[in-house]
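# Based on what follows, work out the 3D shape:
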Amino acid sequence: MNKYLVIGNPIEHSLSPLLHNYWFKKYGILDSIYEKQKVDKKDLKKIIEQVKNGELKGVNVTVPFKREMFDCLDASSSEAQLTKSVNTLLKEGDKVVGYNTDQGGFEISLQKNNWKPESKKILIFGAGGVTPSILSTFIKANGDNKIYLCNRTRDKAEALKELWDKTVNLFGMNKNTIEIVDWGKKIELCDLVINTTSVGLLKDENINFDFTDYDNNEDTLFYDLIYNPKETNFLKDAKLRGNRTMNGKLMFLGQAQLAFKMWTGKSPEINKEVIDLLD
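Next up, the predicted model:
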């Protein structure tokens, strides 16, 4: 039996096993099973060894280990090197290689909602492992984007900006496209507000940011990368204000689709049946 895993901490909320096992069954891959496992940082090298020796055929990595895993691998894709973040592992030859399918999944989610990531003002909450994947979409977009990055720990945001500044020259963009803002500081109205943090996984958690300027604003899209629960307080409040909302389901499906193809050679369809499966 070929075994696949998603690892993280916390991991209870992950719907990856439900999705991948559904696809295994649908596409007749009956010798494979996908499970989830809670791990600590000290376990990452053991996971890599399990991939290397064939005990694991593939691994997805979720919060908070996407950056830590990057430093442990034999090799990584160009997207992973750009973002210093990996969420998909597989063995190639005698090496364990890390890929970043989050970036592609994020682009897929925007495309399916007819939202073009160019010449926009964007506010991002969080500077964790998935945030570079979000930023890389805007690096590669046509047109100038103005990005505000807000994180409770400013040093972490500054470190991410430093990484950004080292890479944006590859794409001929202005280094000042991203600006660090203090938590709670009001800025100009943005076209897209994204929560990349884990705040919202628990029922009573809130971002605690003043969004009153967005009252009755039907143009701004509030996007929470969390997909379980499907509507966090961040999105509930946005909907009450009259904003557009979107959760991380389509990004989750997009990144999973890309990973599944890497592992099996089959590109599963993202249709209504699959979307409804996660509700």
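# the longest helix in this structure is where?
With secondary structure taken from DSSP state H, the chain has its longest helix at helix 249-264.
# for the record, mean pLDDT for that helix?
Here helix 249-264 scores 97 as its mean pLDDT.
# Which elements pack onto the following helix or strand past that helix?
Next along the chain after helix 249-264, taking DSSP states H and E as the criterion, comes helix 272-277. Judged by 3 or more C-beta pairs under 8 Å, 6 or more residues apart in numbering; DSSP states H and E, helix 272-277 is in contact with helix 16-26, helix 249-264. C-beta here means a position set from N, CA and C on the backbone, and glycine is covered the same way.
# go again using 7 Å as the cut-off
Judged by 3 or more C-beta pairs under 7 Å, 6 or more residues apart in numbering; DSSP states H and E, helix 272-277 is in contact with helix 16-26.
# Buried residues of the helix it packs on, list them for me.
Buried residues in helix 16-26, counted by 16 or more other C-beta atoms under 10 Å: 16, 17, 19, 20, 21, 22, 23, 24.
# Equivalent analysis for stretch 113-125, please.
Neighbour-count burial for stretch 113-125 flags 117, 120, 121, 122, 123, 124, 125 (criterion: 16+ other C-beta under 10 Å).
# isn't the fifth one right next to residue 148, touching?
Spelled out, that is residue 123. Yes: taking contact to mean C-beta atoms under 7 Å, the distance of 4.7 Å between residue 123 and residue 148 places them in contact.
# Need the overlap of contacts for these two.
Between them, residue 123 and residue 148 have 187, 190 as joint contacts when contacts are counted by C-beta atoms under 7 Å, 6 or more residues apart in numbering.
# Excluding sequence neighbours, find me the nearest residue to residue 178.
residue 147 (4.5 Å; C-beta to C-beta, 6 or more residues apart in numbering).
# you'd agree that neighbour is in a strand?
Yes: residue state for residue 147 (DSSP: H, G, I helix; E, B strand; the rest coil) corresponds to a strand.
# what pairs with it across the strands?
Residue 147 forms beta bridges with residue 122, residue 178, as assigned by DSSP bridges.
# What is the neighbour count of it?
Taking other C-beta atoms under 10 Å as the neighbour definition, residue 147 ends up with a count of 21.
# Backbone torsions only: list them for the residue nearest to residue 142 when sequence neighbours are not counted.
Nearest residue to residue 142, sequence neighbours excluded (C-beta to C-beta, 6+ apart): residue 118, at 4.8 Å. Main-chain torsions, residue 118, degrees, to the nearest 10: phi -150, psi 140.
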